[in-house]
Each structure stands twice: as C-alpha cells, then as structure tokens.
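> Here is my input; please provide its structure:
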Amino acid sequence: MSWDYELTLIRPGEITQDDIGNQIPGDPVETVVLCKLQSVGRTEFYNAAVAGLRPEMVFVIHGYEYNYEQSVRFDGVLYRVIRTYATGFEELELTCERVAADG
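The predicted structure follows:
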C-alpha cells in the first residue's frame, strides 16, 4: 500500500468571547495529510452496527500527524472518526463513518 490519497483532518476552532461574554466559535482548523485506504473488516462492521455505528472507511495516517481530530474530509465527503487504532510505531488507523447531510 502506498500513501496516494489526501485526507483533511478537521479540528474545531478556538472559542472566543465577545464584549458581553457570548462564546463565539472560531473557524475550523484543517490540516491536509497523506493517507492509505483500507476496508472495514466484516467483524468490525457488524460489531459496530450492534452499537449503532456505521463504519465506512479506514484511513491509515502517520500517528504524529494526528491531534485527536474528530472530523475528516476525504474526496469531498465529511466523516466522523469513531475509532483510532495504532497498528505500529508510526501508523494509526482512523475508522470513520459518513456524516449525514442536514435536511
């Protein structure tokens, strides 16, 4: 497998306050990294379905590039990270499910 794909890691922006104390979320911080793709295993898929999750993609990235982001974008589609798994010293698997579009 080679690192042929781009994955955008999305982290929420910092929260600031206005003059009267209302919290204002900042713009999300996006970081583009290279990744490999893997299939979701059959057992993992069905076990997750029991818990109400729908794993769809597994992205393999370098662990040092991951900063606990909970959202990623791949090929224009937004995904939520439902599980991380370190497969070795440098590689980290992100198991993700597609985020449903609003209305």
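
> in this protein, which ranges drop under the pLDDT threshold?
The chain contains residues with pLDDT under 70 at 1, 42-43, 45-52, 101-103.

> any idea where the strands of it begin and end?
Residue ranges of the strands in the chain, as given by DSSP state E, are 5-11, 15-17, 23-25, 29-38, 57-62, 71-74, 77-86, 91-98.

> who wins for proximity to Glu44 among those strands?
Glu44 sits nearest to strand 91-98 of all the strands of the chain, at 7.2 Å, using CB to CB. Bear in mind the C-beta positions are built from the backbone N, C-alpha and C, glycine included.

> Okay, now the sheet partners of that closest one, with direction.
When pairing is defined by DSSP bridges, strand 91-98 lines up against strand 57-62 (antiparallel), strand 77-86 (antiparallel).

> Flag every buried residue along it.
Leu92, Glu93, Leu94, Thr95, Cys96, Glu97 (16 or more other CB atoms under 10 Å).

> Now tabulate these in JSON lines and tack on distance to Leu37.
Below are those laid out as JSON lines (distance: CB to CB, whole Å):
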{"residue": "Leu92", "distance to Leu37": "14"}
{"residue": "Glu93", "distance to Leu37": "11"}
{"residue": "Leu94", "distance to Leu37": "11"}
{"residue": "Thr95", "distance to Leu37": "12"}
{"residue": "Cys96", "distance to Leu37": "11"}
{"residue": "Glu97", "distance to Leu37": "15"}
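
> Near Tyr79, how many other residues are there?
Residues near Tyr79, counting by other CB atoms under 10 Å, number 22.

> 19 is where my numbering starts, stick with that
Done: numbering now begins at 19, and the last item shifts to Tyr97.
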